[in-house]
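# Sequence and predicted structure below; questions after.
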Amino acid sequence: MSEQETPREPGIHLTRALVSWPARIATGAALLFGLYEVVFFFNFNYTLYSLFMRFGVELAFLRHTFQTKQGMAFVLAMVFVIAFVLYPARRKSVDSRRVGVTDWLLAALGATCAFYIFFVYGRYAQNAEVKPADIVMGLTTVVLVLEATRRVVGWVLPAVVGCFLLYGVVELGFRWPRITQQLVFDEGILGIPLMVMVTYVFAFVFFGAFLLRIGVSDYITEFMIAVFGPRPGGPAKAAVVSSGLMGTVSGSSVANVLTTGTFTIPLMKKAGYPAEVAGAIEPVASTGGQLMPPIMGAAAFIMAEFLGIPYRTIIVAAIIPALVYYFSVYVFVDLETRRLGLGGLPRQRPLRGYLRKLYLLLPVVVITAALLRGLPPQICAVASLGIAVWVAWISKDAIHGSEPLYVGVVGATTVLMFMGSRFDTVAVTAMLLLVLALVALSFTRHVSRNEKFFVSVLFITFIAVARLAGLRSEQVLLLSGIVGILVTIVVSLLARSAEGRAMSSATYDAIVAASKTSVSVMLAAAAAGLIQAVLTMTGLITSIGYNLVSLTGGTLLLLLPLAMLFSLILGMGVPTTANYIITSLVVAPAIFLVVKGTELYGVPVPGFSTPVALLAAHFFVFYFGILADVTPPVALASYAGSALARGDFWKTSMNAVKYASAGYVGPYVYFLHPQLFLVTIGDWSAAAVAYVLYFVVGALIAMFLLATAITGWCDGKLRREVRIVLLVCVFGIVITMHPAIVIVGGAVTLVLRRYQRHLIRILY
């Protein structure tokens, strides 16, 4: 979506509405950003080199690459240009199309400093020597990171970073070479957080941007509206489910609100929901997107790096917490709907049409399977992208072609593409037969030689050639995604239909939007990396943990609420990624110190050296960092929801806290009972399965009772004393998870005996 097309709600979109050459400069920087990522961080250049070498053609220039930190410096240069050109220094001037002289100077200075680091890093890597020019350019880069971060994500994070920097400088006695070395070259700006962003997270932002612009996200939302719309409270329930599904590909609370919310919030208001309720339901559902595998928030990728475990392990660990969270939100919505006495909306389009296009969800299935298979995350995202653009072409009704036939071809090609290298002969033969079959059918009335035909033939042929050349599976998958984009651009430029020609602009917009969207997470990671560097070089990373343990007397039930408050307060103005980085370095070690010696937490996660205690502690702060998006007084996601619903912010945010109650209770459940992370169980015997199911049932009962107690409704208004009893039962289940669950559940059922039919009807 270009600047001119961006919906502009007050306080949400803070970018200038650029036109003419300033817009082209920002777009050019975004394109260079994306191009560098694709060529070097995705290793497309070396994949092409390997492909040509297999056929006896050596293109030596394709072997040239740069060190990872040089690549990070290049990306940072483009981020500086985009940030200073696109974001004004003051929010009052956000609607101004004029870029001031100061902004241009800062953009040029930022690019100069970043490119300086890019060119001198090779020399620094050899002798680790910091020269006077390095100090000047390095410290200038630090200042520019803080200013760019202030413009893009607000003043709170730069202020926090500034306090840490001031302490670090004083603590190290103003030894500038050492400070520059730590803040710029070794850790800090070019540290793990930014490395994870440019290596992994950008690939998923890239993937999500494509799904948004080729129509997959619209399909998800409209499909859920068609399924749930006619039911009582249908639009709200559709918002919950569609936001959960969209969360699997967006990983951003506010972005999720601004995509699905523009459609679901007006529908909720049309169904009779007050603005403050409609504006709260969507942010709560969207916030859960960062908890929902397979593509969680950017912080989840950093967690995998910090803990030294594969991202797929993080995915598995997050499955039950995410499902429990959305179960709870659904129950809250259902009870609130019945309390308000609302109905549904008439179905606008037959459900059959949406079911016919269910194959549009294939990219989500592919990326999930690829991640669980253990492939590198960025490869999974790019490979799924190739399938995404292909099914987008097939879904174009204006372009003639047998939809079932093409869906079968896509499905067969996807399976063949993921087959191991030992099946190269079988896969290549099958793909060539598919191409021949399509060509033969093109001489009949069943298949026309149009855009769908050429995209399919070219895509399959390229993949067959890659497999015939004997490329590794990862290289074939990478090539499939990039080739899918290139084929789309070529075919759409030659297309005869309007829908076909629109695919080229959608592809272009997706590439630009991915880079521009990434600016906030890149800067947040660079700023948080400065905090990490200070904590490391001053020893605070250890001393703060011991001080927190000493302050709470080593009592877990005091330390966990303190960690929760720290995460929520920090999250009032700090993005989730930076929030997690800070709390995982400061608070999580303290939690680990308290429980590491116990039998339940002291053992390592099966297959890894990471202790269960550390995994549980990191997830604890991760969850509360996410919930800061709906926790007032800042509550960015709630603010976005209230703006779209045009309701009162405070009422909206308080409703959001109510509907997200499971999110505030859940982290305690999962920390006290880490078996719910699944990856902590080594021996999956029948007893272990029963054990996990027992805990899951306990968690679901707790969330249902919590929703009933807070809404005060269960086929009728509940008396205050009944609500108090229910809350006591909830906390009893959360803390003990004992066989008393059955007793408590039975007692509560008796108390609510007149409402038993609601338990059966809850998923209606």
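Sure thing, it's come through. Numbering: from 1, shown residues only.

# And for whatever helix or strand residue 578 lives in, what's in contact with it?
If you go by DSSP states H and E, residue 578 is part of helix 576-586. Applying Cβ atoms under 8 Å, 6 or more residues apart in numbering, the set of residues contacting helix 576-586 from outside is 153, 157, 160, 193, 197, 253, 290, 297-299, 302-303, 306, 521, 524-525, 527-529, 531-532, 535, 540-541, 544-545, 563, 566-567, 570-571, 574, 618, 621-622, 624-626, 628-629. All C-beta atoms are positioned from the backbone trio N, CA, C, and that covers glycine.

# Using PDB, write down the CA coordinates of that helix.
Extracted as PDB, the C-alpha positions of helix 576-586 are listed here (Å, rounded to 0.1, in the frame of the first residue of the first chain):
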ATOM      1  CA  THR A 576       7.100  -5.900  22.500                       C
ATOM      2  CA  THR A 577      10.500  -6.900  21.100                       C
ATOM      3  CA  ALA A 578      12.500  -4.400  23.100                       C
ATOM      4  CA  ASN A 579      10.300  -5.200  26.200                       C
ATOM      5  CA  TYR A 580      11.200  -8.900  25.900                       C
ATOM      6  CA  ILE A 581      14.900  -8.200  25.400                       C
ATOM      7  CA  ILE A 582      15.100  -6.000  28.500                       C
ATOM      8  CA  THR A 583      13.000  -8.200  30.800                       C
ATOM      9  CA  SER A 584      14.600 -11.400  29.500                       C
ATOM     10  CA  LEU A 585      18.000 -10.000  30.400                       C
ATOM     11  CA  VAL A 586      17.000  -8.300  33.700                       C
END
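
# what's the next secondary structure element after it?
That would be, after helix 576-586 and using DSSP H and E, helix 588-595.

# so after that next one, what's the next helix or strand?
helix 599-602.

# buried ones in that next one?
Of all the residues in helix 599-602, those buried under the rule 16 or more other Cβ atoms under 10 Å are residue 601.

# quick check, distance from that helix to the centre of its chain.
Between the centre of helix 599-602 and the centre of its host chain there is 30 Å, according to Cα atoms, centre = their mean, to the nearest Å.

# Which other helices and strands does the next helix or strand after it contact?
Counting by DSSP H and E, the next helix or strand C-terminal to helix 599-602 is helix 612-627. Judged by 3 or more Cβ pairs under 8 Å, 6 or more residues apart in numbering; DSSP states H and E, the packing partners of helix 612-627 are helix 298-307, helix 311-340, helix 556-570, helix 576-586, helix 588-595, helix 599-602, helix 661-672.

# Residue 263 is in contact with residue 221, isn't it?
Yes. Contact criterion Cβ atoms under 8 Å: residue 263 and residue 221 qualify, at 5.1 Å.

# more neighbours, those two?
More crowded of residue 263 and residue 221, by other Cβ atoms under 10 Å: residue 221, with 23 against 20.

# Thought residue 265 was touching the more buried one, still the case?
No. With contact defined as Cβ under 8 Å, residue 221 does not count as touching residue 265 (11.3 Å).

# State the pLDDT value of the closest residue to residue 595 other than its chain neighbours.
In space, and not counting its chain neighbours, residue 595 is closest to residue 601: 4.3 Å by Cβ to Cβ, 6 or more residues apart in numbering. For residue 601, the model assigns a pLDDT of 89.

# doesn't residue 593 make contact with residue 601?
No. Judged on Cβ under 8 Å, residue 601 makes no contact with residue 593 at a distance of 10.9 Å.

# Below-threshold pLDDT in the protein: ranges please.
For the chain, the stretches with pLDDT under 70 are 1-14, 92-97, 247-252, 573, 737-764.

# now the helices for the stretch 351-500 of the chain?
351-356, 362-373, 377-394, 403-418, 424-441, 451-468, 473-493, 498-538 (DSSP state H, counting those that start in this stretch).

# ugh, typo on my part, it should be the stretch 651-764 of the chain
661-672, 686-711, 720-736, 740-751, 756-761.

# Indicate which one of the ones you listed is closest to residue 421.
Across the helices of the stretch 651-764 of the chain, residue 421 has its closest neighbour in helix 686-711 (34.4 Å, Cβ to Cβ).

# So which elements touch that closest one?
helix 311-340, helix 661-672, helix 720-736, helix 740-751.

# which residues does residue 574 contact?
153, 156, 157, 160, 524, 582, 628.

# Please apply the same query to residue 70.
Neighbours of residue 70 in contact, by Cβ under 8 Å, 6+ apart: 117, 118, 121, 122.

# now do residue 314
So residue 314 contacts 296, 300, 303, 304 (Cβ under 8 Å, 6+ apart).

# Mind doing that once more with 7 Å?
300, 303, 304 (Cβ atoms under 7 Å, 6 or more residues apart in numbering).

# how close does residue 441 get to residue 578?
54 Å (Cβ to Cβ, to the nearest Å).

# need the contacts of residue 574 in JSON lines with neighbour count and distance to residue 313, can you?
Output for the contacts of residue 574, formatted as JSON lines (neighbours: other Cβ atoms under 10 Å; distance: Cβ to Cβ, whole Å):
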{"residue": "153", "neighbour count": "24", "distance to residue 313": "29"}
{"residue": "156", "neighbour count": "18", "distance to residue 313": "32"}
{"residue": "157", "neighbour count": "25", "distance to residue 313": "29"}
{"residue": "160", "neighbour count": "19", "distance to residue 313": "30"}
{"residue": "524", "neighbour count": "26", "distance to residue 313": "24"}
{"residue": "582", "neighbour count": "25", "distance to residue 313": "23"}
{"residue": "628", "neighbour count": "25", "distance to residue 313": "25"}
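
# Between those residues, which sits nearest residue 688?
residue 628 (34.4 Å).

# The closest one touches residue 569, doesn't it?
No. At 8.2 Å, residue 628 does not count as touching residue 569 under the criterion of Cβ atoms under 7 Å.

# how about the nearest residue to residue 639, chain neighbours excluded?
Distances taken as Cβ to Cβ, 6+ apart place residue 649 nearest to residue 639, at 6.0 Å, with adjacent residues excluded.

# One more: residue 479?
residue 466 (5.0 Å).

# Who are the contact partners of that neighbour?
51, 476, 479.

# What of residue 76?
114, 526.

# from the middle of its chain, how far away would stretch 671-686 be?
Counting by Cα atoms, centre = their mean, stretch 671-686 comes out at 25 Å from the chain centroid.

# Would you mark the buried spots in it?
671, 672, 673, 674, 675, 676, 677, 678, 679, 680, 681.

# still on that earlier bit, between the helices and strands packed on helix 612-627, which one is closest to residue 99.
helix 576-586 (26.8 Å).

# can you give me the angle that closest one makes with helix 556-570?
140 degrees (axes from the mean of the first three to the mean of the last three Cα atoms, to 10 degrees).
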